[in-house]
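**Q** I would like to see how this sequence folds:
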Amino acid sequence: MEKNISLPLKEEDIENLKAGDYVYLSGVMYTARDAAHKRMEETIKKGEPLPFPIEGSTLYYMGPSPAREGRVIGSAGPTTSSRMDKYTPGLLDMGMKGMIGKGKRSAAVSEALVRNHGVYFAAVGGAGALLSKAIKTSEVIAYDDLGTEAIRRMEVENFPVIVVIDKNGNNLYETAIEEYRNYKG
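**A** So this is what the prediction gives:
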């Protein structure tokens, strides 16, 4: 099923999402990769606020290439999500609702998604140039010293993703394998 959702994510948006749904996201999302997640964890341990509002937020695991002339951002493809797995349950417990990346997630992330009614989306790897066209603004808001791994605030319009893990823990990577095994075509 195909759906359009405005960010930040709300409970009623997540309630109706199922693993395998095609979704177009519009609104504000943030980027963060390995180094930014490590820095956010340090910030949390110090009792300091995160550099963006966590409630309902969606993090895109992406480090963009430099923007070409006349463009907001360069290629903006997803990075491997499992590298953020040790940080993700804590962020979900704090109110984050969505993540975008590629690849499998740990059992701890799946459990945190169910516990917090969150959702894991996948963006198509190798399609960074195409994905960048859905990004309307991009601004570094924290950890500028991390270069491409700095946290960015981005406004997106019709950013294409697929629900991989829904709020009930249904995982497209697992169900697709089972459907393939049972295919009699």
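
**Q** after the host helix or strand of Glu111, which helix or strand is next?
**A** If you go by DSSP states H and E, Glu111 is part of helix 107-116. Using DSSP H and E, the next helix or strand after helix 107-116 towards the C-terminus is strand 119-122.

**Q** parallel or antiparallel, which strands does that next one pair with?
**A** Under the criterion DSSP bridges, strand 119-122 sits next to strand 98-101 (parallel), strand 151-165 (antiparallel) in its sheet.

**Q** check the burial of Asp144 by counting its neighbours.
**A** Using other CB atoms under 10 Å, Asp144 has 9 neighbouring residues. For glycine as for every other residue, the C-beta is placed from the backbone atoms N, C-alpha and C.

**Q** tell me which residues touch it, please.
**A** Asp144 sits next to Ala150 when contact means CB atoms under 8 Å, 6 or more residues apart in numbering.

**Q** any idea how far it lies from Leu25?
**A** Distance of Asp144 to Leu25, given as CB to CB, to the nearest Å: 25 Å.

**Q** circling back to that earlier point, need the CA coordinates for the helix holding Glu111. PDB is fine.
**A** Extracted in PDB, the C-alpha atoms of helix 107-116 (Å, rounded to 0.1, in the frame of the first residue of the first chain):
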ATOM      1  CA  ALA A 107      16.600  -7.800  18.000                       C
ATOM      2  CA  ALA A 108      17.100  -5.000  20.600                       C
ATOM      3  CA  VAL A 109      16.100  -2.400  18.000                       C
ATOM      4  CA  SER A 110      13.000  -4.400  16.900                       C
ATOM      5  CA  GLU A 111      12.000  -4.800  20.600                       C
ATOM      6  CA  ALA A 112      12.400  -1.000  21.100                       C
ATOM      7  CA  LEU A 113      10.300  -0.300  18.000                       C
ATOM      8  CA  VAL A 114       7.500  -2.400  19.400                       C
ATOM      9  CA  ARG A 115       7.800  -1.000  23.000                       C
ATOM     10  CA  ASN A 116       7.700   2.600  21.700                       C
END
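
**Q** hmm, who's touching it?
**A** Counting contacts by CB under 8 Å, 6+ apart, the residues touching helix 107-116 from outside are 85, 88-89, 92-93, 95-97, 118-120, 165-169, 171.

**Q** do the same with stretch 56-66
**A** So stretch 56-66 is contacted by 7-10, 25, 29-33, 73-81, 83-84, 91, 95-102, 121, 123, 128, 132, 138, 147-149, 152, 154 (CB under 8 Å, 6+ apart).

**Q** now do the strands in this protein.
**A** Here the chain has its strands, by DSSP state E, at 2-6, 22-31, 58-60, 98-101, 119-122, 135-142, 151-165.

**Q** the third one: how far from the chain's middle?
**A** The chain centroid and the centroid of strand 58-60 are separated by 3 Å under CA atoms, centre = their mean, to the nearest Å.

**Q** and it, which strands flank it?
**A** strand 22-31 (parallel), strand 98-101 (parallel).
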